[in-house]
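Engineer: predicted model and sequence follow; I will ask about them next.
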Amino acid sequence: MAYKALYRTYRPADFSEIAGQEHITRTFKNALKNNKLAHAYLFSGPRGTGKTSIAKIIAKAVNCEHAPVENPCNDCEICNGIDNNTINDVIEIDAASNNGVDEIREIRDKVKYLPGIGRYKVYIIDEVHMLSTGAFNALLKTLEEPPKHVIFILATTEPHKIPATIHSRCQRFDFRGVSVPEMIERLNTIIDEEDIDISKQAIKVIAESAEGGMRDAISLLDQVVSYADHKVTIEDVHTIRGTVSNERLLDIALAVYDNDSVGAIKILDELIDNGKESKRLVDNMIMFYRDMLIFKNTQVDEESQLIFSNETFIDLANRLSNNLIFYYIEVLNKTQNDMKWSNNARLYMELALIKMVDKIEKQEIHFQDELNQLSEQIADLKAELDQRQTVVKERVQPEKDTDDTEEVSLESVIESQDEDTDEEPSFESNDNNDEVSKPEDTSQASLFNDADKEEDEESPSLFDETPEDTTEKTVSNETKETNTDNQADKEEDEEPYQTYDIRYVEQVLNNGNREEKIAMNKRWFDIERTATPETMSLAKWITDGRIVATNGKLLIIEYANASLCNRMMKPDIKEKITEMLSDYFNKELDYLALPKEVWEEKSQEFIKKWKQQPDDYIKLSKIDHPKLKEMPTRKQSQNVMMHEGVKEASQLYGKDTVKVKRGE
C-alpha cells in the first residue's frame, strides 16, 4: 500500500483533535448540540490552521446517524463514507480551478436536489477568493436563500478579496495561527503514535519553524523523520529547512558586538559553504534580533522560544541597547531589499556585517545610549534626593490640624473682613516713630502696618520705600544702653524674608481686598494687548497665571506648577514684571507666584484658623514644596552688607555717633 503522509493520516476526525481554535470549536459544538446551524459560513485564516478539517467535521456531524451531536461518532457508515470521500452529499470544490460563472451555475442548478444518504448537502468551497466577479454574483442569491437541506462553507486565506455582499450573507470565523505550546502538544501525540525518536529541542524548533501552521509542522516532522537514520536532532531540522541554528546566529551576533568583522565574515563563509543561502541567513538574523527585542521589552516566558533559555543570548540582550538592535535590524532590512535586485546576495550580506561592525556608523547610537544612561542616573539621584528631603521635612514639620473639615469660601472670609473694618488697611510706613518693633499679638493687619524698622534690620521690606524727603534716623544718646542691647538682640533673632515666605501670604489674606482682586482680574488678560514686542513674552508669562488674592499692593498669582513659579520669581525677571504690573495698574505693586497646590493648601489652612479665631491675625505654617527654589536677590545681599558695615562702624566709632540713612 502506498505511503500516506502524516498530515493526511492525522487529519483531525473531531473537534477535540483540532489544535488551537477553541473559540471556533466551542461555538460549533454548541450549535450542533442545539441544532442551530446557519446556512452559510466563511472560514478565514492562515494556511494549515484547520479550516478544511473543521468543515469536514461539521459535514460529518450534521449527517451522523446519531445527530444531533456535538461531535461526529466516526463509527457509522456516513461518517466513514465522508472520511473516505465515497458519499456525494459532501462536495469539495477548489475555487482556484473552478472559478468561472459556469461552475457556479452548475452548483446553483444542483442545490435543489435532495441529499442521497444524509440529511444535508454540504458544499465546501476552498480558496473562495479566487472566484471571478461574475461567479460571486451568480452565487449571491443561492448563498442568501439556499434550500433547507444545503449548507455552504467557504474557506479562504485572503478574506479582504471577498466582496462585502458575500460577507454579509455568511457567519465569519477567523482562524488564528496555532501557538508553539499547542503545536508541540499535537506533535507529541503524533510522535507517540508513530513511535518517533526525536529530541525535545528538535520538536520545539519544528513548532517555531512552522510559524503557526499545524499542517506545515506535521509535514516538516514527516520530512525530518525520513532524513534521519537515528534520533532526530536540531541539526537535522536546520539541515532540512536550510535555516541557521540559534548557536551560529549567536556567534555572528557576538562577533558583531565585539566589532570583529573578520570573525563575522568567517562564520558567514562557513555557513554558505555548508549550503546556507544568504537570503535565508538575512531572514534568520532579522528574526534573531526581533526575538532579542521581544525578550528585552516584554514579559516573556522562557519556554515560549527555545533561544530565550540560552544564557549567552540573555547576557548579550542585556548588553545591547534597543537603539543598537534597531540599527542592526535597519541594516539587515535594507540588505534584504537590495538582494532582490542582485544576483550576488553574498556580497550584500558581507557589506551588511561590515556596516554593523563599523564604529563610525554606530558612534551616534553609542552617544545616545550613554546620554540615556546619564539621564536615568540623574533622574534616580533626583528621586533619591527628593525622598530624603521629604523624610527630613516630615520629621521637622509638625502635623497639620485636620480636625475641622467644614469647607468655607476664602471669598466669604475676605468679605467678612471687609465688613468688620470701616476703612481699608493701610500699608504705608509710619515715619514718625523712631523705633518700631513687631507686636507679639498681631491683629488683622499686614506686616507693613508697622513696617518702619531700624535700617540695620536683617529682613528687607517687601517694597523699596525711598521717600523724597529722606530723614536721618539716629540712635539717640539719651536711650539707655539696655534698650539698645535688647533691640540688637531682637534684630539678630528676627528671621529674614525668603523668596516664598509665608508672611507674604499672611499679609494678603489678613488684609484681603476682594473688590480690588475682581477689578484687576477683569483687566488681567488685556496686559498682552498693551505689551510691546519686547515685553510680549513677559506678558504671556504673566497671563499664564491668575490673581487669587491681593491686599491692593501685593498680588498672589497662582500657576500650574512650581517650575513656572521659579521662573517668575527670578530676580531679573521679577524686576521687569513688577515694573510692567505697576505701570499697567498705575500703582506700586509686587507679587508672589505660588503653585496651585500650595495656594489651595494655605487658603484652606487660613479659613480653618479664621473660623476658630476670627478676630486675630492669622498665622500660617511655612510653605513647604520640594520644587520651589530659594532665589537670592541683590537687594538682600546689599542689606546684609549694610548690616555688617553698620556693625563694624559702631565698633570703631561708637554706637552713639553712627547714623544710617534710608535709601543709601
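Structural biologist: Yes, it's here.
Engineer: what ranges do the helices span in the stretch 301-450 of the chain?
Structural biologist: Ranges of helices in the stretch 301-450 of the chain, per DSSP state H, counting those that start in this stretch, are 311-319, 322-339, 345-357, 359-396, 410-420.
Engineer: give me the mean pLDDT for the third one.
Structural biologist: Meaning helix 345-357. Averaging pLDDT along helix 345-357 gives 87.
Engineer: ok, the second one next?
Structural biologist: What helix 322-339 shows for mean pLDDT is 89.
Engineer: so which elements touch that helix?
Structural biologist: Under the contact definition 3 or more C-beta pairs under 8 Å, 6 or more residues apart in numbering; DSSP states H and E, helix 322-339 sits against helix 278-297, helix 345-357, helix 359-396. To be clear about C-beta, it is placed using only N, CA and C from the backbone, and glycine gets the same treatment.
Engineer: of all the helices of the stretch 301-450 of the chain, which lies closest to residue 62?
Structural biologist: Closest approach to residue 62 among the helices of the stretch 301-450 of the chain is made by helix 322-339 (47.8 Å; C-beta to C-beta).
Engineer: from the chain's centroid, how far away is that closest one?
Structural biologist: Helix 322-339 sits 26 Å away from the centroid of its parent chain (C-alpha atoms, centre = their mean, to the nearest Å).
Engineer: ok, stretch 539-558 next?
Structural biologist: Distance of stretch 539-558 from the chain centroid (C-alpha atoms, centre = their mean) equals 35 Å.
Engineer: what's the end-to-end length of that stretch?
Structural biologist: One end of stretch 539-558 sits 15 Å from the other (C-alpha to C-alpha, to the nearest Å).
Engineer: which parts of it are buried?
Structural biologist: 539, 541-542, 545, 547-558 (16 or more other C-beta atoms under 10 Å).
Engineer: out of these, which sit inside strands?
Structural biologist: Judged by DSSP state E, the buried residues of stretch 539-558 include 547, 548, 549, 550, 554, 555, 556, 557, 558 as members of strands.
Engineer: distance of the nearest residue to the second one once chain neighbours are set aside relative to residue 517?
Structural biologist: Right, the one you point to is residue 548. The shortest distance from residue 548 to any non-neighbouring residue, by C-beta to C-beta, 6 or more residues apart in numbering, is to residue 558 (4.6 Å). Remark: distance between residue 558 and residue 517 (C-beta to C-beta, to the nearest Å) = 12 Å.
Engineer: what do those two both touch?
Structural biologist: The contact sets of residue 558 and residue 517 overlap at 547, 548 (C-beta atoms under 8 Å, 6 or more residues apart in numbering).
Engineer: residues contacting residue 127?
Structural biologist: By C-beta under 8 Å, 6+ apart, the residues touching residue 127 are 94, 95, 96, 155, 156, 157.
Engineer: of these, buried ones?
Structural biologist: Among the contacts of residue 127, the ones that count as buried by 16+ other C-beta under 10 Å are 95, 155, 156, 157.
Engineer: pLDDT added to those, as CSV?
Structural biologist: Converted to CSV, the buried ones among the contacts of residue 127 look like this (pLDDT from 0 to 100):
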residue, pLDDT
95, 87
155, 93
156, 92
157, 90
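Engineer: now, which of those residues sits nearest residue 262?
Structural biologist: Nearest to residue 262 among the buried ones among the contacts of residue 127: residue 157, at 44.9 Å, using C-beta to C-beta.
Engineer: so the closest one touches residue 45, yeah?
Structural biologist: Yes. Counting by C-beta atoms under 8 Å, residue 45 is a contact partner of residue 157 at 7.1 Å.
Engineer: of all pairs in the ones in strands among the buried residues of stretch 539-558, which one is the farthest apart?
Structural biologist: By the measure C-beta to C-beta, 554 and 558 form the most distant pair in those, at 14.0 Å.
Engineer: any idea which helix or strand comes after the helix or strand containing residue 43?
Structural biologist: Element membership for residue 43 (DSSP states H and E) is strand 40-44. The first helix or strand that comes after strand 40-44 along the chain, using DSSP H and E, is helix 51-63.
Engineer: who are the packing partners of that following helix?
Structural biologist: Counting contacts by 3+ C-beta pairs under 8 Å, 6+ apart, helix 51-63 is packed against helix 22-33, strand 40-44, helix 77-83, strand 90-94, strand 121-126, strand 150-156.
Engineer: what's the angle from the last one to strand 40-44?
Structural biologist: Going back to what we said before, that points to strand 150-156. Strand 150-156 runs at 20 degrees relative to strand 40-44, counting by axes from the mean of the first three to the mean of the last three C-alpha atoms, to 10 degrees.
Engineer: following strand 150-156, which helix or strand comes up?
Structural biologist: The element immediately downstream of strand 150-156 (helix or strand, assigned by DSSP H and E) is helix 164-167.
Engineer: now that following helix: average pLDDT?
Structural biologist: Averaged over helix 164-167, pLDDT sits at 90.
Engineer: any stretches of this protein with poor pLDDT?
Structural biologist: Within the chain, the stretches with pLDDT under 70 are 1-2, 299-304, 359-366, 368-369, 393-495, 633-664.
Engineer: apply 50 and report the result again.
Structural biologist: Within the chain, the stretches with pLDDT under 50 are 1, 399-406, 421-493, 635-642, 662-664.
Engineer: for residue 108, see how far away residue 261 is.
Structural biologist: Noted for residue 261: a distance of 66 Å to residue 108, by C-beta to C-beta.
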